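Participant: Here is my input, please return the structure:
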Amino acid sequence: MSLLDEKIIPGDYGMTFGTNAKEDKDLARIKKKVMELKGITDVILNTEIFPREFTVHTDRLVEVKDVEEKVEETGFHAIPKSLFAL
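Facilitator: Predicted coordinates:
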């Protein structure tokens with residue numbers, strides 16, 4: 001595992017996660033929970049695709065596992081997508 005796999009790098013790119021949440025209200029709960037983490041500046045929800053995705057932007061290094069754990073508190077899962085297509 002590398003730094004890019006374990007942490008969300010600050011800046012405009014952020015990190016995208018897939019989730020098994022389907023309803024807008026569930027995605028809003030996920031956004032609210034993730035925003036509780038220190039260093040998170042924005043969570044952008046993508047409801048146009050399935051499975052649903054959200055992108056997390058930060059102002060400091062944030063552990064990917066911390067985001068995953070916050071989402072699990074809502075009863076859903078967050079799976080980080082790879083940064084670069086192979």
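Participant: CA only for contacts and neighbour counts going forward, please
Facilitator: Noted.
Participant: what helices or strands is whichever strand or helix holds residue 42 leaning on?
Facilitator: Secondary structure from DSSP states H and E places residue 42 in strand 40-46. In terms of contacts (3 or more Cα pairs under 8 Å, 6 or more residues apart in numbering; DSSP states H and E), strand 40-46 is packed against helix 24-34, strand 53-58.
Participant: Try it again at 10 Å.
Facilitator: Helices and strands touching strand 40-46, by 3 or more Cα pairs under 10 Å, 6 or more residues apart in numbering; DSSP states H and E, are strand 15-19, helix 24-34, strand 53-58.
Participant: So in that sheet, which strands flank the last one, and in what orientation?
Facilitator: The strands beside strand 53-58 in its sheet (DSSP bridges) come out as strand 15-19 (antiparallel), strand 40-46 (antiparallel).
Participant: Now do it and helix 24-34, the angle between them.
Facilitator: In terms of direction (axes from the mean of the first three to the mean of the last three Cα atoms, to 10 degrees), strand 53-58 departs from helix 24-34 by 20 degrees.
Participant: how about a markdown table for the helices and strands packed on strand 40-46, with distance to residue 69, mean neighbour count and mean pLDDT added?
Facilitator: Output for the helices and strands packed on strand 40-46, formatted as a markdown table (distance: least, Cα to Cα, whole Å; neighbours: other Cα atoms under 10 Å; pLDDT from 0 to 100):
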| stretch | distance to residue 69 | mean neighbour count | mean pLDDT |
| --- | --- | --- | --- |
| strand 15-19 | 13 | 20 | 96 |
| helix 24-34 | 9 | 17 | 97 |
| strand 53-58 | 14 | 22 | 97 |
